[in-house]
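In: Give me a model of this one.
(2 chains)
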Number of protein chains: 2
Amino acid sequence: MSKPAVVLLSGGLDSATCLAIARSEGFSAHALTIDYGQRHRSELEQAARVAAALGAASQRVVSLDLRAIGGSALTADIAVPKDRAEDGGIPVTYVPARNTTFLSLALGLAEVLGAADLFIGANDVDYSGYPDCRPEFIEAFEKLANLATAAGVRGTRFSVHAPLLRMSKAEIIRRGMALGVDYGLTHSCYDPDAQGRACGHCDSCILRRRGFEQAGVPDPTRYAE
Amino acid sequence: MSKPAVVLLSGGLDSATCLAIARSEGFSAHALTIDYGQRHRSELEQAARVAAALGAASQRVVSLDLRAIGGSALTADIAVPKDRAEDGGIPVTYVPARNTTFLSLALGLAEVLGAADLFIGANDVDYSGYPDCRPEFIEAFEKLANLATAAGVRGTRFSVHAPLLRMSKAEIIRRGMALGVDYGLTHSCYDPDAQGRACGHCDSCILRRRGFEQAGVPDPTRYAE
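Out: Numbering: from 1, shown residues only, chains lettered A, B, ... in the order given. As a prediction, the model looks like this:
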């Protein structure tokens, strides 16, 4: 029987690739999707399709009302920046403590399922400047996980896998294509239109589009324009 | 102007005392209550009353559907143990990764409010055996907080205050009474009846009742029997 793992799955390009990698490493992958009131709700519908297409053992959606906390263009009435020059700063699409919260929920589910392995599609290269996508954050969470849980007390050693951490977007896409990911099922745009079509101008669209160009493969994204 | 802090407030005895301590230390205390689908929903109503009575600067309720994860007598259809002998084990009322998740949400709110101080009423003495109430857990979360956040990158040093960590229940009650906490407003029982009255027999009721006895003060709890 294959080992269980919990994979955070947003429905975007990175987390879909991360799920495919977990599957390719032989894990029985339980996908965890968080409905946190995100502006780009299309990704939630895509997450279920991605989970099914990539053979996830299960998929759950956990609702968490981060709009009650706000502070981000994704969870409050703050405009999503368009055609932004990279400035090395932390953009307003940063959601305070999002990856910490999501990994905590993944950890809780891992305990319930008897899993010791967590996967997150965090990326430190093309990563838009989010602090909770850095390797030192991932390491600190792994340490915390062993102290935080009944499983840790009983001897489980948790591993937080972030296989995309050092890959460029083009490398992620090439790896995913080799593993059979259908990127037409994924959604990345922070500010899609009512039909779920990508804006083509937010940070996430720009990184995604450039990734397909650099990978030399057709971009399957449905753009609004 | 007083410094802002985020205080996790469940509506129970410990977190109410923790809020009173934060106020007594001069913080402008923003209470954060998590509606996680807990069986003992009466505590949510009490949290608002406690926040008002103790002069919280604000109170928010964030909804998080931990029933989609389950694994605990508080979030799944598992019976709450009654009249249990203490066995040193981790009881089924443990909610996987709950304090990790709640502190993550408190951290997100702290970033939004510009606060560097988090308060949690975790207790390691009369604590029922929960792993995420140990000092090493609190320390590990503090380290994580500085790595996880935009505020941390910009130089904020977060402090996680757990002022009850080493106190007995009787000491907590005496401290709270000295600070004017009305424990008649608080709710601790894991398995209240439809009128919100305490069962008197779950771990939480037993610890609470013994605490009032040992503190030598009248127990204001409304019991079902």
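
In: Cross-check the contact I'm expecting between residue A:60 and residue A:109.
Out: Yes - if you go by C-beta atoms under 8 Å, residue A:60 and residue A:109 touch, sitting 7.2 Å apart. In this view, the C-beta of every residue, glycine as well, is placed from N, C-alpha and C.

In: neighbour-wise, which of these two wins?
Out: Set residue A:60 next to residue A:109 and count neighbours by other C-beta atoms under 10 Å in any protein chain shown: residue A:109 wins out with 27 against 19.

In: And the more buried one, which helix or strand is it part of?
Out: Per DSSP states H and E: residue A:109 is located in helix A:98-113.

In: picking up where we left off before, intersection of neighbour lists for residue A:60 and residue A:109?
Out: Common neighbours of residue A:60 and residue A:109, counting by C-beta atoms under 8 Å, 6 or more residues apart in numbering or on different chains, are A:30, A:32, B:69.

In: just to revisit the earlier point, can you tell me what sits against the helix or strand following the helix holding residue A:109?
Out: The helix or strand immediately downstream of helix A:98-113 is strand A:117-119, counting by DSSP H and E. Strand A:117-119 is contacted from outside by A:3-8, A:18-19, A:21-22, A:27, A:29, A:103, A:106-107, A:110, A:145, A:158-163, using C-beta under 8 Å, 6+ apart.

In: got a list of what the residue of chain A positioned farthest from its centre touches?
Out: Taking C-alpha atoms, centre = their mean, the residue of chain A most remote from its mean C-alpha position is residue A:154, at 29.3 Å. If you count contacts by C-beta under 8 Å, 6+ apart, residue A:154 has none.

In: pLDDT weak spots in chain A?
Out: Applying pLDDT under 70 to chain A picks out residues A:87-88, A:126-128.

In: those strands in it, which residues are they?
Out: A:4-8, A:28-35, A:58-63, A:117-119, A:159-161 (DSSP state E).

In: Give me the buried stretch members for the last one, please.
Out: Read it as strand A:159-161. By neighbour count on 16 or more other C-beta atoms under 10 Å in any protein chain shown, the buried set for strand A:159-161 is A:160, A:161.

In: now check stretch A:125-139, is it near chain B?
Out: Yes - counting by C-beta under 8 Å from any C-beta of the partner chain, chain B has neighbours in stretch A:125-139: A:131, A:132, A:134, A:136, A:137.

In: What's the PyMOL syntax to select whichever of those are buried?
Out: Per 16+ other C-beta under 10 Å, the buried members of those correspond to this PyMOL selection:
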select buried, chain A and resi 131+132+134+137
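
In: Which of the residues of stretch A:125-139 next to chain B fall within helices?
Out: Using DSSP state H, the subset of these located in helices is A:136, A:137.

In: now the residues of stretch A:125-139 next to chain B in a markdown table, with distance to residue A:216?
Out: Converted to a markdown table, the residues of stretch A:125-139 next to chain B look like this (distance: C-beta to C-beta, whole Å):
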| residue | distance to residue A:216 |
| --- | --- |
| A:131 | 32 |
| A:132 | 31 |
| A:134 | 29 |
| A:136 | 33 |
| A:137 | 32 |
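
In: Buried residues, stretch A:173-184. List them.
Out: A:173, A:174, A:175, A:176, A:181, A:183.

In: Ends of it, what's the gap?
Out: End-to-end distance of stretch A:173-184 (C-alpha to C-alpha, to the nearest Å): 12 Å.

In: filter the contacts of strand A:117-119 to the buried ones?
Out: By 16+ other C-beta under 10 Å, these give A:4-8, A:18-19, A:21-22, A:27, A:29, A:103, A:106-107, A:110, A:145, A:158, A:160-163 as buried.

In: and the residues you listed near chain B, which?
Out: By C-beta under 8 Å from any C-beta, the members of those lying near chain B are A:107, A:145.
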